[in-house]
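Engineer: sequence plus the predicted model coming up.
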Amino acid sequence: MKVGILGSGPGGYVCAIRLAQLGADVTVIEDRHIGGVCLNKGCIPTKVMLHSTELYDLLKRDSEALGIKHDGLKFDLGLLNTRKTLVISQLVEGIRSLFKSYNIELINGRGKFLNEYEIEITSPEGIKILKFDKIVVATGSKPMKVQIEGINLENVLTSDDILKLNYVPDKMVIVGGGVIGVEFANIFANLGTEVTIIEMLPNLVSNMDIEIVSYLEEKLSEKNVKVYKNAKVLEISKYGNELQTEIELRNEKIFINSNIVLIATGRSPNIDDLGLENIGINFTKRGIETDEVFKTNIEHIFAIGDCINGIQLAHQASSAGIEVANYIFGNKSHIDFKTVPFCVYTKPELASVGITEEEALKRKINYGVGKFNLYGNSKAVITGETSGLVKIIIDENTKEVLGMHIAGPNATELIEIGGLALKLEATANELLSMIFAHPTISESIREASMDAIGKAIHNIY
């Protein structure tokens, strides 16, 4: 069976490997970077920057409290950019090696549907047409540019552009307070930039539990990051050597000057010029329409990842890639969407799985809540990272875990315990019956479980 995959991001390359393992003859068509947005312009480079800048901020603020003395601590953005490039290169080469070991053909070129079975590939070597039995579209996403006057001015940047920045700006305005916005706010605030976030919704990272996000807002405030919520950007204009962003807040106009304006209003599916309309695939501006097994309205064509009308997360794209490969070969598999974790790699880290308290209220679920503040956790006290919370939502009748939400160190690692609890339909009683190692941050999950059923030990109210 010949399978063509458009795109080599977390969805495309994982799908390709699984298909090859199952015996398919696989060709991956990639017009830009192996590894897609996540590896080259998203998850990986931003986490490299967050890691280094958080270490710098920690030493700058708390070194003596940690028993460390330094003389003239400096940050070198050029060295960080070099490290970022090296990390990306290492991971890209890893994917290349995997492709070679599974005999997956990689073609560098732009693919476009000629018909339901044929893809026209335009590359520096010319144009060729390949025919496939099955096709998987995994073309990812691109930064979304909103309609704002002045959006095309110099130094108004997207999340792609800002990764190329070779200096630390004095002042930065970030339009959008979602995951992308708050992560870049952390990066540059750590380096001393005066950062302002403009968010049109009532809350930052609006898809996460409000109480969990409040810990991030508190830390942003400590780093002198200004946050305007329920605010609308009216215009960006030149103001001498700077940019001026005009916003409307509660019927009042406010003007904010900066060197850089980062547009972090989300990402849109990368489906332009794929020839989808030529073959009748159903799609909207939100992405390609698929069913529960990621099949389009054309039987042998599938779509996964950011290019579909769904959640834009690298780990979901990879899971979808495996599911599609299994489905093509007649193997049953199923993604349990309730176990998909949402993570924000700020300080504190935020992580969430399952329903939030706000969702429980909307659904009129008879729910209970268990909480544990990290200032009561020994490991958090040791590391000096006591600003955080573990929050568990349970069904009040059965005590089944419905959601877990964490703010604090290693939250993005610990959230997998919550995902496993949801998958196994575990109860709070079952979580607290486990023995967690001491001292660890993970003990807070047991403490929150105990609190959910009224048996808290270390909680201080």
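Structural biologist: Nice, thanks for sending it over.

Engineer: hey, let's count contacts and neighbours off CA atoms from now on
Structural biologist: OK.

Engineer: can you pull out the helices in the protein?
Structural biologist: Ranges of helices in the chain, per DSSP state H, are 10-22, 36-41, 43-62, 77-101, 159-162, 179-190, 210-222, 276-279, 314-328, 357-362, 378-383, 411-423, 428-432, 443-452.

Engineer: output the second one as PDB, nothing but the C-alphas.
Structural biologist: Taking Å, rounded to 0.1, in the frame of the first residue of the first chain, the C-alpha atoms of helix 36-41 are listed here in PDB:
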ATOM      1  CA  GLY A  36       7.100  21.100  11.400                       C
ATOM      2  CA  VAL A  37       6.200  24.100  13.400                       C
ATOM      3  CA  CYS A  38       6.500  22.400  16.800                       C
ATOM      4  CA  LEU A  39      10.100  21.500  16.400                       C
ATOM      5  CA  ASN A  40      11.300  24.400  14.400                       C
ATOM      6  CA  LYS A  41       9.200  27.400  15.400                       C
END
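
Engineer: how far does it sit from its chain's centre?
Structural biologist: Centroid separation for helix 36-41 versus its chain: 11 Å, with CA atoms, centre = their mean, to the nearest Å.

Engineer: how far away is the residue nearest to residue 242 when sequence neighbours are not counted from residue 306?
Structural biologist: Spatial nearest neighbour of residue 242, excluding adjacent residues (CA to CA, 6 or more residues apart in numbering): residue 259 at 5.1 Å. Distance, residue 259 to residue 306, by CA to CA, to the nearest Å: 31 Å.

Engineer: one step back: ok, now which ones touch the residue nearest to residue 242?
Structural biologist: Taking CA atoms under 8 Å, 6 or more residues apart in numbering, we find residue 259 in contact with 155, 169, 170, 171, 172, 241, 242, 243.

Engineer: and the residue nearest to residue 129 when sequence neighbours are not counted, how far is that from residue 310?
Structural biologist: Distances taken as CA to CA, 6+ apart put residue 120 closest to residue 129, at 4.5 Å, once the chain neighbours are dropped. Computed as CA to CA, the residue 120 to residue 310 distance reads 27 Å.

Engineer: the more surrounded of those two?
Structural biologist: residue 120 (19 against 16; other CA atoms under 10 Å).

Engineer: so that one touches residue 127, yeah?
Structural biologist: Yes - if you go by CA atoms under 8 Å, residue 120 and residue 127 touch, sitting 6.9 Å apart.

Engineer: quick one, domains of this structure?
Structural biologist: If you go by automatic domain parsing, the domain ranges for the chain are 2-142+268-335, 156-265, 339-452.

Engineer: same list, those domains, but as a markdown table with distance to residue 459 please.
Structural biologist: Below are the domains of the chain laid out as a markdown table (distance: least, CA to CA, whole Å):
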| stretch | distance to residue 459 |
| --- | --- |
| domain 2-142+268-335 | 26 |
| domain 156-265 | 17 |
| domain 339-452 | 6 |
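
Engineer: out of these, nearest to residue 148?
Structural biologist: Closest approach to residue 148 among the domains of the chain (CA to CA): domain 156-265, 5.8 Å.

Engineer: and the end-to-end length of that closest one?
Structural biologist: In domain 156-265, first residue to last residue: 13 Å (CA to CA).

Engineer: quick one: average pLDDT of stretch 309-326?
Structural biologist: Stretch 309-326 comes out with an average pLDDT of 93.

Engineer: which parts of it are buried?
Structural biologist: Using 16 or more other CA atoms under 10 Å as the test for burial, stretch 309-326 gives 309-310, 312-326.

Engineer: give me the neighbour count for the closest residue to residue 354 other than its chain neighbours.
Structural biologist: Take residue 354 and drop its neighbours on the chain: the residue closest to it by CA to CA, 6+ apart is residue 403, 4.0 Å away. For residue 403, the neighbour count with other CA under 10 Å is 25.
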